[in-house]
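Asks: pasting the structure only:
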């Protein structure tokens, strides 16, 4: 299926990460001697450009989070290619995976589940800095950990450095997840539903932070969400997924203000206020 191109892309910023015709099949139920295959992602192509946010939207089960995990190399694709700076990459383990994650980082929907409950914040950040070779020695690790906390607006940073995840609020844990991702000094950030587990009152605050980090770090961001309002407000381009397929793509303003595909129109009709400027 060819996606409706609501408004063509303007090739301005550098393409950092690209997916070409990604397919992902999972094993399903066994029927006799054969096991069914379930196609979660079907011929998905996209480009993530430096300094820009691309939104990937769709209902639960549409395949958008699977696309994020494929781009993070947490899952191997059944077919298709992932290109980093135009070079095909297949790095699901070992040193190649560590090198890849130095450029491409992912934050998950549930910040509490993504943080080890027995480790304090200083260990979480220090380990990330060490794995990616961004700091040497205790003093340098300490200084850079404090700097990372300041980047994600956890101040004074000394107040948070020795806390356990359970001692932090949901918003604070998500900020720690952002800080850990930034420790690698990545070029791409894959943000999978970064505000869906948070209170409504702090969602805009968290998305403002993500937008600020995008600008200050010149990141290419994939914002995976079911919230059309925040996609409209915080992304330059939007792709709409339905049953594993991208059915519509274009500028966020064009896709959300004047949708051409019936599924996009149904998503908008189901949203309480899809043209609002706040996430909610």
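Replies: Perfect, I can see it now. Quantities reported herein were computed from a predicted structural model and do not represent experimental measurements. Numbers count the residues shown, from 1 in each chain.
Asks: Please report how far residue 109 lies from residue 65.
Replies: For residue 109, the distance to residue 65 equals 8 Å [Cβ to Cβ, to the nearest Å]. For glycine as for every other residue, the C-beta is placed from the backbone atoms N, C-alpha and C.
Asks: Below-threshold pLDDT in the stretch 101-250 of the chain: ranges please.
Replies: The model of the stretch 101-250 of the chain has no residue with pLDDT under 70.
Asks: now with 80?
Replies: For the stretch 101-250 of the chain, the stretches flagged by pLDDT under 80 are 111.
Asks: Which residue is the nearest non-sequential neighbour of residue 37?
Replies: residue 25 (4.6 Å; Cβ to Cβ, 6 or more residues apart in numbering).
Asks: What's the local residue count around the one you found?
Replies: Other residues near residue 25 come to 16 when the count uses other Cβ atoms under 10 Å.
Asks: Just to be sure, it is in a helix?
Replies: No. Assessed with DSSP: H, G, I helix; E, B strand; the rest coil, residue 25 is strand; it does not lie in a helix.
Asks: Relative to residue 147, how far out is it?
Replies: The spacing between residue 25 and residue 147, counted by Cβ to Cβ, is 43 Å.
Asks: Surely residue 253 and residue 235 touch.
Replies: No. Using Cβ atoms under 8 Å, residue 253 makes no contact with residue 235, being 9.9 Å away.
Asks: How about the top helix by length along the chain, which residues are buried there?
Replies: The longest helix of the chain (DSSP state H) is helix 200-217. Residues of helix 200-217 classed as buried: 202-204, 206-207, 209-211, 213-214, 217 (neighbour count, 16 or more other Cβ atoms under 10 Å).
Asks: what's the answer for stretch 95-115, then?
Replies: 97, 100-109, 111, 114-115.
Asks: Stretch 55-74 now?
Replies: 55-58, 62-73.
Asks: Out of these, flag the one nearest to residue 264.
Replies: Relative to residue 264, the closest of the buried residues of stretch 55-74 is residue 57; by Cβ to Cβ it sits at 8.6 Å.
Asks: from what I can see that closest one touches residue 226, true?
Replies: Yes. With contact defined as Cβ under 8 Å, residue 57 counts as touching residue 226 (6.4 Å).
Asks: Show me where the stretch 101-250 of the chain has its helices.
Replies: In the stretch 101-250 of the chain, the helices defined using DSSP state H, counting those that start in this stretch lie at 121-131, 137-151, 170-182, 200-217, 228-234.
Asks: ok now do the residue nearest to residue 115 when sequence neighbours are not counted, which residues does it touch?
Replies: Excluding the flanking residues, the one nearest residue 115 by Cβ to Cβ, 6+ apart is residue 165, at 4.3 Å. Applying Cβ atoms under 8 Å, 6 or more residues apart in numbering, we find residue 165 in contact with 112, 115-117, 119, 173, 176.
Asks: go on, residue 50?
Replies: Counting by Cβ under 8 Å, 6+ apart, residue 50 touches 13-16, 187, 218-220.
Asks: I am finished for the moment; much appreciated.
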